[in-house]
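*Asks:* sequence? don't have it. structure:
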């Protein structure tokens with residue numbers, strides 16, 4: 001479980017390492033462009049029920065920490081989905097990972113003689 005340290009808050013936002021790695025890419029891209037936006041997420045199990053939103057701005061200190069020392073392989077579809085939400089009026093919504101599915105082409109059945 002990783003942490004997002006936001007501003008001067010003493011309590012970090014706990015986010016699973018894999019999700020945080022993808023979120024980091026989307027957030028860094030927006031902040032590098034000097035863009036402000038919101039980040040919203042549902043509270044995880046064990047926390048009080050509900051959801052939270054924070055305002056992210058390039059001038060607010062932000063730090064990502066990960067429990068796993070190895071960076072995961074990134075899923076570009078998930079990053080694209082996070083970036084699409086980042087560019088919407090609602091800001092980034094931390095959504096579940098979009099998994100790649102292998103589709104097998106349908107083959108017509110051949111009649112048996």
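*Replies:* Happy to help now that I have it. In this text the structure is predicted, and so the values were computed from the model without any measurement. Residues are numbered from 1 along each chain as shown.
*Asks:* State the mean pLDDT of the longest helix along the chain.
*Replies:* Determined from DSSP state H, the single longest helix within the chain is helix 17-32. Averaged over helix 17-32, pLDDT sits at 94.
*Asks:* partners of residue 39 in the sheet?
*Replies:* For residue 39, the beta-bridge partners are residue 54, residue 92 (DSSP bridges).
*Asks:* Any idea how many residues pack against it?
*Replies:* For residue 39, the count of nearby residues is 23 (other Cβ atoms under 10 Å). The C-beta positions use only the backbone N, C-alpha and C, and glycine is treated the same way.
*Asks:* And residue 64, by the same measure?
*Replies:* For residue 64, using other Cβ under 10 Å, the count is 17.
*Asks:* Can you list the strands that whatever helix or strand it lives in pairs with?
*Replies:* If you go by DSSP states H and E, residue 64 is part of strand 62-65. Here strand 62-65 has these sheet partners by DSSP bridges: strand 2-6 (antiparallel).
*Asks:* quick one: average confidence on the partner strand?
*Replies:* pLDDT averaged over strand 2-6 gives 93.
*Asks:* now do stretch 71-81
*Replies:* On average, stretch 71-81 scores 91.
*Asks:* Work out which residue lies at the spatial centre of this protein.
*Replies:* Nearest to the mean C-alpha position of the chain, counting by Cα atoms, centre = their mean, stands residue 23 at 3.4 Å.
*Asks:* My guess is it contacts residue 15. True?
*Replies:* Yes - counting by Cβ atoms under 8 Å, residue 23 does reach residue 15; the two are 6.7 Å apart.
*Asks:* what is in contact with the two at once?
*Replies:* Residues touching both residue 23 and residue 15 by Cβ atoms under 8 Å, 6 or more residues apart in numbering: 4, 94.
*Asks:* Excluding chain neighbours, what is closest to residue 57?
*Replies:* Once flanking residues are discounted, residue 57 sits nearest to residue 36: 4.5 Å by Cβ to Cβ, 6 or more residues apart in numbering.
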